[in-house]
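1. Any chance you can model this:
(one chain, ligands or ions: 1)
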Amino acid sequence: MDGGNGIVRVAQGGVLRLGFDRPARKNAMTGAMYAALAEALVDADRDEAVRAVILHGSEDAFCAGNDIGDFASNAPDQGERPSARFMKALLRLRKPVVAAVNGPAVGIGATMLLHCDLVYAGTGAKLVFPFARLGLCPEFASTLLLPAKLGHQRAAELLMLGDPCSAQEAHTLGLVNAVMPPADVLPHASDVAARLAAMSVASLHAAKSLMRGDELDRYEERMEKENAQFSRLLVSPEAKSAFAAFQQRGKS
Ligand code: COA
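-> I've put the predicted structure just below:
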């Protein structure tokens, strides 16, 4: 177990549990957290002892997205963002991934769920893709995955207006497998992961790769396009003022 970098990594019975652990910031992601997640997922892909992965936050927050202070201090043209290594490792992971979501899943916290195989949510969970409201744009293939899943107009409510989606709505839309009391979410995800870990690795590998077909290269291509726009928008005056407004909340 290692929580010093904001990620708690626990391996037991064939299941690797990766917990976001930055409670004072609602598990907003830092560069160190992305790096730890990327490394853990690349290791998990190679390690025969890992047969399923769980991603989870705490009972009051799954993940508040990228740390806004880090966004605010970003200089232009920094090349691949640390989040990209994490998301590519998640995209390329051949083993099943189960997410346990309580509280807000914002920005990359919501986007990563689109790349998980099974998602369980507490009654108070909410998914938010606030990118356009922050002067940014959606990322990590969400501009392909959400319209394909929900249709353009429903996806536009989430990706353009940035409207929050409750756990129940997310369930209705097919973004979440089941909604349950918050305290049940991680135990339930753990039971499901244990079931997966007891199954044939080769069968699950085949099922996952066939379900995603030849789409992975297309997702990565879209990620590159989104990243080009995102990096340009990240240093725009609109984004800078949105970050400043968040940082100034409640200070005057
Ligand atoms: N980056 C940096 N700090 C963040 C953060 C983020 N993405 N999200 C939350 N925090 C900090 C808050 O500033 C606050 O710090 P403070 O105690 O020093 O004031 C602390 O975490 C708790 O957040 P708070 O807003 O008080 O909790 P809440 O339960 O009322 O709301 C959220 C939780 C996640 C809904 C809200 O914090 C939020 O909208 N955060 C921004 C999400 C976002 O836009 N992320 C970027 C996506 S691209």
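2. Looking at the protein, which helix is longest?
-> Across the chain, the longest stretch assigned as helix under DSSP state H is helix 215-234.
3. what about the following helix or strand past that one, average pLDDT?
-> Under the assignment DSSP states H and E, the closest C-terminal helix or strand after helix 215-234 is helix 237-248. The pLDDT scores in helix 237-248 average 96.
4. May I have helix 237-248 as CSV, with CA atoms only?
-> Extracted C-alpha coordinates of helix 237-248, given in CSV (Å, rounded to 0.1, in the frame of the first residue of the first chain):
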residue,chain,number,x,y,z
PRO,A,237,-8.1,34.2,-21.5
GLU,A,238,-11.5,32.5,-20.9
ALA,A,239,-9.9,29.4,-19.3
LYS,A,240,-7.6,31.6,-17.2
SER,A,241,-10.5,33.6,-15.9
ALA,A,242,-12.5,30.5,-15.1
PHE,A,243,-9.6,29.0,-13.1
ALA,A,244,-9.2,32.3,-11.3
ALA,A,245,-12.9,32.5,-10.5
PHE,A,246,-12.8,29.0,-9.0
GLN,A,247,-9.7,29.8,-6.9
GLN,A,248,-11.2,33.0,-5.7
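5. contacting residues around the longest helix of the chain?
-> Helix 215-234 is contacted from outside by 71, 74, 76-78, 80-81, 84, 87-88, 91-92, 131, 135-145, 239, using CB atoms under 8 Å, 6 or more residues apart in numbering. For every residue, glycine as well, the C-beta is placed using N, CA and C.
6. and the direction of that helix versus that of helix 237-248, what angle?
-> Inter-element angle recorded for helix 215-234 and helix 237-248: 80 degrees (by axes from the mean of the first three to the mean of the last three CA atoms, to 10 degrees).
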